[in-house]
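[1] This is a predicted model, with the sequence first.
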Amino acid sequence: MPFVKSADQAEIYYEAHGSGEPLVLLSGQANTHHWWDNVRADFEAEHQVIVLDYLGTGRSDKPADAEYSVRRFATDVVCVLDELGIARAHVYGTSMGGKVAQWLAIDYPDHVGALVLGCTSVGGVHGLRAAPEITRALAQPSADAAREVLIDLMYSPEWVRENPGPYVTLGGPMPGHARRGHLRASNAHDSWAVLDQITAPTLVLHGTDDAFSPVDNALILANRIPGAEVHYLDGARHAYFEEKRAEASAAVLGFLAEHPLD
């Protein structure tokens, strides 16, 4: 199995599929590379697609005493790229993966070609969070009830009726310390002050009906990143990349084609 050692010697699991210009796909909080299972094929014909399990998830190590932060996750991505001998790659991150992608573009600009940020936020006081009642509903003791809330945040009722699951975006089993570490990592993200340092061509995607990461986060992000473009997915919720797969994947592929790696 393909693993790479991170800077603190934790083992990070990764996979590479397809061929062409490399493209890193970054999943949401407390999720593995399976987050992309239903759409990854859209990119493999034109790109070498790289996915990974964050520290604490899937097949990667799950140490209790490690640093869990989106900035650290970005460093782990660079370790994967180095292991594959890839000097530069396009990066597409959604939800918490979009936060990781921001730090990749800020801390490792030479490694990033085009940047795509989906259903994500600048964090901190400038980022918009889910309403308190949503946070409370997700934290309720009943796992089944919390799961139903999460499904409703990810997909419209119409889409759920036509697609009964299973849903790859709902995460999987992971130790409590790692799950808490991921929550702290995502909540601590704040890139506002340094987003203007991003030099990568940037596309921001967001579903107009996203209550998990309110849609105005897209414009807040785009206004901070020089030259960034915004593409809204009408009627989509947090998992826009599945529900509006044809439109979203086409938008990403078109943007990457406009900004090839040198």
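    Nice, I can see it.

[2] Contacts only, for the residue nearest to residue 236 when sequence neighbours are not counted.
    In this structure, residue 236 finds its nearest non-sequential neighbour in residue 207, 3.1 Å apart by Cβ to Cβ, 6 or more residues apart in numbering. From N, CA and C alone the C-beta is placed, and that goes for glycine too. By Cβ atoms under 8 Å, 6 or more residues apart in numbering, the contact list for residue 207 reads 119, 215, 232, 233, 235, 236, 237, 238, 240, 243, 244.

[3] Look up phi and psi at residue 207.
    Note on residue 207: backbone dihedrals following degrees, to the nearest 10 are phi -80, psi 140.

[4] Quickly name whichever of the contacts of residue 207 is closest to residue 45.
    Taking Cβ to Cβ as the measure, residue 45 lies nearest residue 244 of the contacts of residue 207, at 19.6 Å.

[5] Go ahead and confirm the closest one touches residue 238.
    No - judged on Cβ atoms under 8 Å, residue 244 makes no contact with residue 238 at a distance of 11.5 Å.

[6] out of these two, which sits in the more crowded spot?
    The residue with more neighbours, out of residue 244 and residue 238, is residue 238; 26 against 21, by other Cβ atoms under 10 Å.

[7] correct me, but the more buried one touches residue 119?
    Yes - taking Cβ under 8 Å as the definition, residue 238 is a contact partner of residue 119 at 5.3 Å.

[8] which residues do the two both contact?
    Residues touching both residue 238 and residue 119 by Cβ under 8 Å, 6+ apart: 95, 207, 210, 212, 213.

[9] of all these, which two lie farthest apart?
    95 and 207 (11.3 Å).

[10] Now do the shared contacts for these two.
    119, 238.

[11] now the strands for the stretch 101-250 of the chain?
    Secondary structure of the stretch 101-250 of the chain, counting by DSSP state E, counting those that start in this stretch: strands at 112-118, 202-207, 229-233.

[12] Could I get those strands in a markdown table, plus columns for distance to residue 130?
    Listed next are the strands of the stretch 101-250 of the chain as a markdown table, based on distance: least, Cβ to Cβ, whole Å:
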| stretch | distance to residue 130 |
| --- | --- |
| strand 112-118 | 16 |
| strand 202-207 | 14 |
| strand 229-233 | 18 |
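
[13] Adding distance to residue 99 and mean pLDDT, write those out as JSON lines.
    Formatted as JSON lines, the strands of the stretch 101-250 of the chain follow (distance: least, Cβ to Cβ, whole Å; pLDDT from 0 to 100):
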{"stretch": "strand 112-118", "distance to residue 99": "9", "mean pLDDT": "98"}
{"stretch": "strand 202-207", "distance to residue 99": "13", "mean pLDDT": "98"}
{"stretch": "strand 229-233", "distance to residue 99": "17", "mean pLDDT": "98"}
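
[14] Go through these and name the closest to residue 179.
    The closest of these to residue 179 is strand 112-118. By Cβ to Cβ, the value is 22.2 Å.

[15] What helix or strand is residue 43 located in?
    Taking DSSP states H and E as the criterion, residue 43 maps to helix 41-44.

[16] model confidence over the helix or strand that comes right after that helix, on average?
    Following helix 41-44 in sequence order, the next helix or strand is strand 47-52 (DSSP H and E). Average pLDDT, strand 47-52: 98.

[17] per-residue confidence averaged over whatever helix or strand comes next after strand 47-52?
    Per DSSP H and E, the first helix or strand lying C-terminal to strand 47-52 is helix 70-84. Mean pLDDT, helix 70-84: 98.

[18] now swap in stretch 217-225 and tell me
    98.

[19] CA-only coordinates of it, as CSV, when you get a sec.
    These are the backbone C-alpha positions of stretch 217-225, laid out as CSV (Å, rounded to 0.1, in the frame of the first residue of the first chain):
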residue,chain,number,x,y,z
ASN,A,217,-18.4,32.7,2.2
ALA,A,218,-17.7,32.3,-1.6
LEU,A,219,-17.6,36.0,-2.2
ILE,A,220,-15.7,36.7,1.0
LEU,A,221,-13.0,34.3,-0.2
ALA,A,222,-13.0,35.6,-3.8
ASN,A,223,-12.7,39.2,-2.7
ARG,A,224,-9.6,38.4,-0.7
ILE,A,225,-7.7,36.3,-3.4
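
[20] Noted, bye for now.
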